[in-house]
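*Asks:* Please find the sequence and the predicted model below.
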Amino acid sequence: MPNPDDRDARITELESRVTQQDHSLLELSDEVYRQQRQIAALEEQLKLLRTRFESSTARDEAEPDSGDELPPHY
């Protein structure tokens, strides 16, 4: 039959591990939440930059490129 002191020591060790795991789980959960917020902000910035780029590209295509024209003295 196992020694009651050994059993108590094992239970104490298991309780300690569970407490550490709970703490780690909370830290990881907080980090995932922070990263989700950061990803959402970056996606919003990307959307804004894409809109600006497309607007700029459309404007450049609408305007004639003066670099393709020969200077008047030619």
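*Replies:* Done, it's in.
*Asks:* Let me know how buried Arg34 is, in neighbour terms.
*Replies:* Arg34: 10 surrounding residues under other C-beta atoms under 10 Å. Any C-beta I mention is one placed from the backbone N, CA and C, and that applies to glycine too.
*Asks:* Please report how far the most centrally placed residue in the chain lies from Gln45.
*Replies:* For the chain, the residue nearest the mean C-alpha position is Ile39 (3.7 Å; C-alpha atoms, centre = their mean). With distances taken as C-beta to C-beta, to the nearest Å, Ile39 is found 11 Å from Gln45.
*Asks:* does Lys57 sit in a helix or strand, and which one?
*Replies:* In this structure residue 57 is Thr, not Lys. helix 4-62 (DSSP states H and E).
*Asks:* Which secondary structure state is assigned to Pro71?
*Replies:* coil (DSSP: H, G, I helix; E, B strand; the rest coil).
*Asks:* Now do the helix holding Thr57, average pLDDT.
*Replies:* If you average the pLDDT over helix 4-62, you get 95.
*Asks:* which helices and strands sit right next to it?
*Replies:* Applying 3 or more C-beta pairs under 8 Å, 6 or more residues apart in numbering; DSSP states H and E, one finds that helix 4-62 contacts no other helix or strand.
*Asks:* How far off centre is it?
*Replies:* Centroid separation for helix 4-62 versus its chain: 7 Å, with C-alpha atoms, centre = their mean, to the nearest Å.
*Asks:* From here on, call the first residue 27.
*Replies:* Got it, first residue is 27 now, which makes that one helix 30-88.
*Asks:* Quick one: neighbours of Arg63, just the number.
*Replies:* Arg63 - counted by other C-beta under 10 Å - has 10 other residues nearby.
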